[in-house]
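S.K.: Pasting the sequence and the predicted coordinates here, then a few questions.
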Amino acid sequence: MNSVQGRSIVIVAYRPRPGKEADLLQLTREHLPLLRAEGLATSREFIACRAADGTIVEVFEWEEGGIEKAHNNAKVKALWDRYFAACEIVPLNQLPEAAQMFAGFAPLALD
């Protein structure tokens, strides 16, 4: 869980399960719009990118209290169930790029 008080910037890595790359890409398109519609994430510009192994990395900002509220939100929980079917959420340090002084990832177009 995030230990930052107030709004917080998070970086999360989603490693697709075999054959689920397209599903994960679609979930990435849906994720922030849903969180924002539910008042859980800010309108701060977010970043989506891809690691060399296909893991999608997302950077966004939670509203204050958004993380806790998300765990009690039926729409968010349904989306998270789809995430768990499509990928595993991995610590950043499992990505080889994270060991570099300047970790580089490929930009991900979501349109």
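M.R.: Right, received. Where do you want to start? Residues are numbered from 1 along each chain as shown.
S.K.: now for the longest helix along the chain, which elements pack on it?
M.R.: In the chain, ranked by residue count with DSSP state H as the criterion, the top helix is helix 21-37. Packed against helix 21-37, as judged by 3 or more Cβ pairs under 8 Å, 6 or more residues apart in numbering; DSSP states H and E, are the following elements: strand 8-16, strand 56-62, helix 74-86. C-beta here means a position set from N, CA and C on the backbone, and glycine is covered the same way.
S.K.: Deepest in the core, which of these is it.
M.R.: Sort those by mean neighbour count, taking mean count of other Cβ atoms under 10 Å, and strand 56-62 sits at the top with a mean of 19.
S.K.: how far off strand 8-16 does it point, in degrees?
M.R.: Interaxial angle, strand 56-62 versus strand 8-16 (axes from the mean of the first three to the mean of the last three Cα atoms, to 10 degrees): 160 degrees.
S.K.: And strand 56-62, how far out from the chain middle?
M.R.: Taking Cα atoms, centre = their mean, to the nearest Å, the mean C-alpha location of strand 56-62 is offset from the chain mean by 5 Å.
S.K.: Return the per-residue confidence for the residue lying farthest from the centre of the chain.
M.R.: Here the chain has its C-alpha centre computed as a mean, and the residue farthest from that point, by Cα atoms, centre = their mean, is Met101 with 22.1 Å. Taken from the predicted model, the pLDDT recorded for Met101 is 94.
S.K.: same thing with Asn2?
M.R.: Asn2 carries a pLDDT value of 56.
S.K.: re the thing from before, need the contact partners of the longest helix of the chain.
M.R.: Here helix 21-37 makes contact (Cβ atoms under 8 Å, 6 or more residues apart in numbering) with 14, 16, 41-43, 46, 48, 54, 56, 58, 60, 62, 66, 70, 75-76, 79, 82-83, 85-87, 108, 110.
S.K.: Report the distance from it to the chain centre.
M.R.: 8 Å.
S.K.: the inter-axis angle of that helix versus strand 56-62?
M.R.: Direction vectors for helix 21-37 and strand 56-62, defined by the same axes, to 10 degrees, enclose an angle of 10 degrees.
S.K.: With just CA atoms, put helix 21-37 into CSV.
M.R.: These are the backbone C-alpha positions of helix 21-37, laid out as CSV (Å, rounded to 0.1, in the frame of the first residue of the first chain):
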residue,chain,number,x,y,z
GLU,A,21,-1.2,-8.2,-24.4
ALA,A,22,-4.2,-6.8,-26.3
ASP,A,23,-6.4,-7.1,-23.2
LEU,A,24,-3.8,-5.3,-21.0
LEU,A,25,-3.5,-2.5,-23.6
GLN,A,26,-7.3,-2.0,-23.5
LEU,A,27,-7.3,-2.0,-19.7
THR,A,28,-4.6,0.7,-19.8
ARG,A,29,-6.9,2.8,-22.0
GLU,A,30,-9.8,2.4,-19.5
HIS,A,31,-8.0,2.6,-16.2
LEU,A,32,-7.4,6.4,-15.7
PRO,A,33,-10.7,7.5,-17.2
LEU,A,34,-12.5,5.3,-14.7
LEU,A,35,-10.4,6.4,-11.8
ARG,A,36,-11.0,10.0,-12.7
ALA,A,37,-14.7,9.6,-13.3
